[in-house]
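Undergrad: Build the 3D model from these lines:
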Amino acid sequence: MDQQIIDDVRTWLDDVVIGLNLCPFAAKPRNENRVRIVVSHAQTAEGLLDDLQRELEHLADTPAAELETTLLVIPDMLEDFADYNDFLDAVDLWLEQFGWEGELQVASFHPHYQFADTEPDDAGNLTNRSPWPLLHIIREESLEKVIAHYPDVDGIPERNVRRMEALTAEERRRLFPYLFG
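TA: Numbers count the residues shown, from 1 in each chain. So this is what the prediction gives:
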């Protein structure tokens, strides 16, 4: 089961995030095998925070040349986006409480991701729709370096929304099969 979950996330990463160039910084670490995908079977907030802490420590203790980023996949809880979104508040407090601010940050992806002030079926929500709920742990130093050399970082979200809006129904079914199952 874990291997299928990891394969689902890799396919999404390769076909959607990198394939559609939603994150122009993702291809290099993926091609260099510096993206860690870990499945958490936590079923409580405390258990998931423990798993997150282990992954934060693992990433912080491993040189970026070996490991750039971690995707913590959550198949056994937080299926409801509202619950997931509420849990992100605990993640932010965790980062602050344990002194990770300025070093690591967490980005959020979920099968039912919905940005504020959007309708559930707005194409722009697809930019953050992953096959499973997940927490993406990012090194801030690495992010700052790539952003400094990217010509229009502020234009990325708008460009990504336009890309999602341009997908045909067939492309959406192929790229996001977990939304149409």
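
Undergrad: Show the end-to-end separation of stretch 62-69, please.
TA: 10 Å (CA to CA, to the nearest Å).

Undergrad: what separates that stretch from the chain centre, distance-wise?
TA: 17 Å (CA atoms, centre = their mean, to the nearest Å).

Undergrad: buried residues in it?
TA: Residues 67, 68, 69 are the ones in stretch 62-69 that count as buried (16 or more other CB atoms under 10 Å). Any C-beta I mention is one placed from the backbone N, CA and C, and that applies to glycine too.

Undergrad: What lies in contact with it?
TA: 29, 32, 34-36, 58-59, 136-139, 141-142 (CB atoms under 8 Å, 6 or more residues apart in numbering).

Undergrad: and stretch 143-160, C-alpha only, in PDB?
TA: The C-alpha coordinates for stretch 143-160 follow below in PDB (Å, rounded to 0.1, in the frame of the first residue of the first chain):
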ATOM      1  CA  LEU A 143      13.900  28.600  -1.700                       C
ATOM      2  CA  GLU A 144      15.500  32.100  -1.300                       C
ATOM      3  CA  LYS A 145      18.400  31.100  -3.600                       C
ATOM      4  CA  VAL A 146      16.200  29.900  -6.500                       C
ATOM      5  CA  ILE A 147      13.700  32.800  -6.100                       C
ATOM      6  CA  ALA A 148      16.600  35.300  -6.300                       C
ATOM      7  CA  HIS A 149      17.500  33.900  -9.800                       C
ATOM      8  CA  TYR A 150      13.900  33.500 -11.100                       C
ATOM      9  CA  PRO A 151      12.700  36.500 -13.300                       C
ATOM     10  CA  ASP A 152       9.000  36.700 -12.300                       C
ATOM     11  CA  VAL A 153       8.300  34.800  -9.100                       C
ATOM     12  CA  ASP A 154       5.300  36.900  -8.300                       C
ATOM     13  CA  GLY A 155       3.700  35.900 -11.600                       C
ATOM     14  CA  ILE A 156       3.900  32.200 -10.900                       C
ATOM     15  CA  PRO A 157       0.400  31.800  -9.200                       C
ATOM     16  CA  GLU A 158      -1.400  33.700 -12.000                       C
ATOM     17  CA  ARG A 159       0.400  31.800 -14.700                       C
ATOM     18  CA  ASN A 160      -0.400  28.500 -13.000                       C
END
